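Trainee: quick one, what's the 3D model for this:
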Amino acid sequence: VYVYNSSSSSSRPGIKISSNSLAIKCEGISTKGYGIIFTSSNNIVFDCYLHDSTYGIWFSNTAVAIINSIIDRTTVGANLGNSSNQRFINNTFYDCNTNILSTGSLYSQFINNIFSKSSVAGANWTAEAPTNFWDYNVWHDCAANVNVTKGVHDQTDVDPQFVDPENGNFAIGTNLKADGIPGLFPGGLSTGYIDPGAVQRQEPAAGGSSVWVGEGS
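Mentor: Predicted coordinates:
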């Protein structure tokens, strides 16, 4: 689904989702509003591209998972309000003034995300929320976080080497190769090859060579 809301009035949605819904492979733009807005709980956003909006994502309820999605060129990438139990996994935020904004979201997880080029705040909470879990994220060229403590394995100012972010190509370079979790599983017998961010490549590919999405072999 592709939605472009060009209304000159404020607070207009591109995609509006109530409860128990899945948005997959959707592109949402709202020049004066929300790429996606949730009005109820238990939703999943997967492989979506939300950009050139005031808010990429707006939450008003709990239990939403944002997975493998790109949020690009927004004033706020995701506004959680005080909604809790959110999951952000393997997403790419780029050129958002503030990547994630919250007045008090609790019990949420932020894993394997790339936050790049934010001018106001990387992540901004009204107060520190120890029940949230942040780890294996990448913070590149981001303003300071407010009341958000980075995870032990978070990386700061490592360039993702995006191929062509200004034109929507967020394939990464070698700096972040396989730096996501899971890597080595407990027991030491299985190893994952996960990249941070939304755009993944195969490692190793069939025949033993590495194939990079958007970059060739």
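Trainee: what is the neighbour count of residue 2?
Mentor: Counted with other C-beta atoms under 10 Å, residues neighbouring residue 2 total 11. Every residue, glycine included, has its C-beta placed from N, CA and C.
Trainee: so what does the lengthiest strand in the chain touch, helix or strand wise?
Mentor: In the chain, taking DSSP state E as the definition, the longest strand is strand 70-81. Applying 3 or more C-beta pairs under 8 Å, 6 or more residues apart in numbering; DSSP states H and E, we find strand 70-81 packed against strand 49-58, strand 92-94, strand 98-102.
Trainee: in CSV, list those along with mean neighbour count, mean pLDDT and distance to residue 156.
Mentor: Below are those laid out as CSV (neighbours: other C-beta atoms under 10 Å; pLDDT from 0 to 100; distance: least, C-beta to C-beta, whole Å):
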stretch, mean neighbour count, mean pLDDT, distance to residue 156
strand 49-58, 25, 96, 22
strand 92-94, 27, 98, 15
strand 98-102, 27, 96, 14
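Trainee: and the ones you listed: which comes nearest residue 162?
Mentor: Nearest to residue 162 among the helices and strands packed on strand 70-81 is strand 92-94 (7.3 Å), distances taken as C-beta to C-beta.
Trainee: for that closest one, which outside residues touch it?
Mentor: Residues outside strand 92-94 that contact it (C-beta atoms under 8 Å, 6 or more residues apart in numbering): 56, 69-73, 77-78, 99-100, 113-118, 162, 165, 170, 197-199.
Trainee: can you check stretch 21-32 too?
Mentor: Outside stretch 21-32, the residues touching it (C-beta under 8 Å, 6+ apart) are 1-15, 17, 34-36, 43-54.
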